[in-house]
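K.L.:
take a look and give me a structure for this.
(one chain, ligands or ions: 1)
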Amino acid sequence: MTEDGRTVLEARGIRVSRGGTEVLRGVDLALHAGERLALTGPSGSGKTVLLSILAGLAAPSSGAVLLDGRPLDAHGPDLRARMGLVFQGYGLVALLTAAENVELPLLAARVRPSEARDRAQEALATVGLADRAEHLVEELSGGQQQRAAVARALVVRPDVLLADEPTAEQDAGHRASTLHAILDAASTGSAVLLATHDPVVAARCDRVVHLEAGLLRESTHGC
Ligand SMILES: Nc1ncnc2c1ncn2[C@@H]1O[C@H](COP(=O)(O)OP(=O)(O)OP(=O)(O)O)[C@@H](O)[C@H]1O
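P.N.:
This is a model prediction of the structure:
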């Protein structure tokens, strides 16, 4: 962990039901600046549901998520510029190029178009997509789309980076470089939370939390 280690994102008493079942039964979590945290747990344990709550994309039935000590909805439109998200399905705009997709969050944050262009190219190069920058998303493979989503999340230099299995579609070489790019965001102060089934990914993190039966506990696995 680097920086001052202050708590950036905090979940308190999160309860969520899906399909008539309580998936999260009172989850507490604190994510710190410069920290790399792995979220593990069996398939169906609620990792994706928890990430969507932490990102403010869904509301819990009870509990609260705080960014810098304030509820997510108190941050208004600035919230999206402070969080980088790599979720399943990626949420890329199919009829735009990879570069245009990566520029979008910067333009929304009123970064000058020329700077947005340069930063998007740099982020795409970081994930090995420099030569695909001008391709439409629909012309990219699944693994390339996943890396474009990682570039889009990193380009905003987020305070919080939430990523759901962000290397699941990568071959060994791209898995290593994509993971490096994500984890490296912590060295410049981002708080990074990765949901993963991969013990190699978990072992690269500073801390591991394990979700099972609706509850989160510190894991003895990882480093
Ligand atoms: N929209 C929904 N409607 C009904 N049930 C849902 C919905 N979304 C999620 N669930 C259920 O909530 C539980 C947690 O799902 P979630 O996708 O968070 O698991 P996960 O830990 O991310 O799994 P995986 O590791 O397989 O990605 C699962 O039992 C799932 O079936």
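K.L.:
what about residue 150, which SS state?
P.N.:
Under the three-state scheme (DSSP: H, G, I helix; E, B strand; the rest coil), residue 150 adopts helix.
K.L.:
quick one: contacts for it?
P.N.:
The neighbourhood of residue 150, defined by CB atoms under 8 Å, 6 or more residues apart in numbering, consists of 86, 127, 163, 166, 178, 181, 182. In short, each C-beta sits where N, CA and C put it, glycine included.
K.L.:
buried ones in the helix or strand of the chain with the lowest mean pLDDT?
P.N.:
Least confident helix or strand of the chain, by mean pLDDT, DSSP states H and E, is helix 78-82 with a mean of 87. For helix 78-82, the neighbour count (16 or more other CB atoms under 10 Å) marks 80, 81, 82 as buried.
K.L.:
same check on stretch 207-217?
P.N.:
For stretch 207-217, by 16+ other CB under 10 Å, it's 207, 208, 209, 210, 211, 214, 216.
K.L.:
briefly note if it comes near the ligand.
P.N.:
No: using CB under 6 Å from any ligand atom, stretch 207-217 never reaches the ligand; the gap is at least 6.7 Å.
K.L.:
which parts of the protein sit against the ligand?
P.N.:
18, 19, 23, 41, 43, 44, 45, 46, 47, 48, 49.
K.L.:
on that earlier part again, ok, which pair from the buried residues of stretch 207-217 is furthest apart?
P.N.:
With distances taken as CB to CB, the most widely separated pair in the buried residues of stretch 207-217 is 207 and 214, at 20.3 Å.
K.L.:
related to what we said a few turns ago, mind checking which of the contacts of residue 150 land in helices?
P.N.:
178, 181, 182 (DSSP state H).
K.L.:
neighbour-wise, which one of those residues leads?
P.N.:
residue 182 (26 neighbours; other CB atoms under 10 Å).
K.L.:
can you give me the strands in this protein?
P.N.:
7-18, 21-32, 36-40, 62-67, 70-71, 83-86, 160-164, 191-195, 207-212, 215-218 (DSSP state E).
K.L.:
identify the bridge partners of the spatially most central residue of the chain.
P.N.:
Most central in the chain under CA atoms, centre = their mean is residue 162, positioned 2.0 Å from the mean C-alpha point. Residue 162 forms beta bridges with residue 85, residue 193, as assigned by DSSP bridges.
K.L.:
quick one: residues contacting it.
P.N.:
Here residue 162 is in contact with 51, 54, 55, 83, 84, 85, 86, 87, 193 (criterion: CB under 8 Å, 6+ apart).
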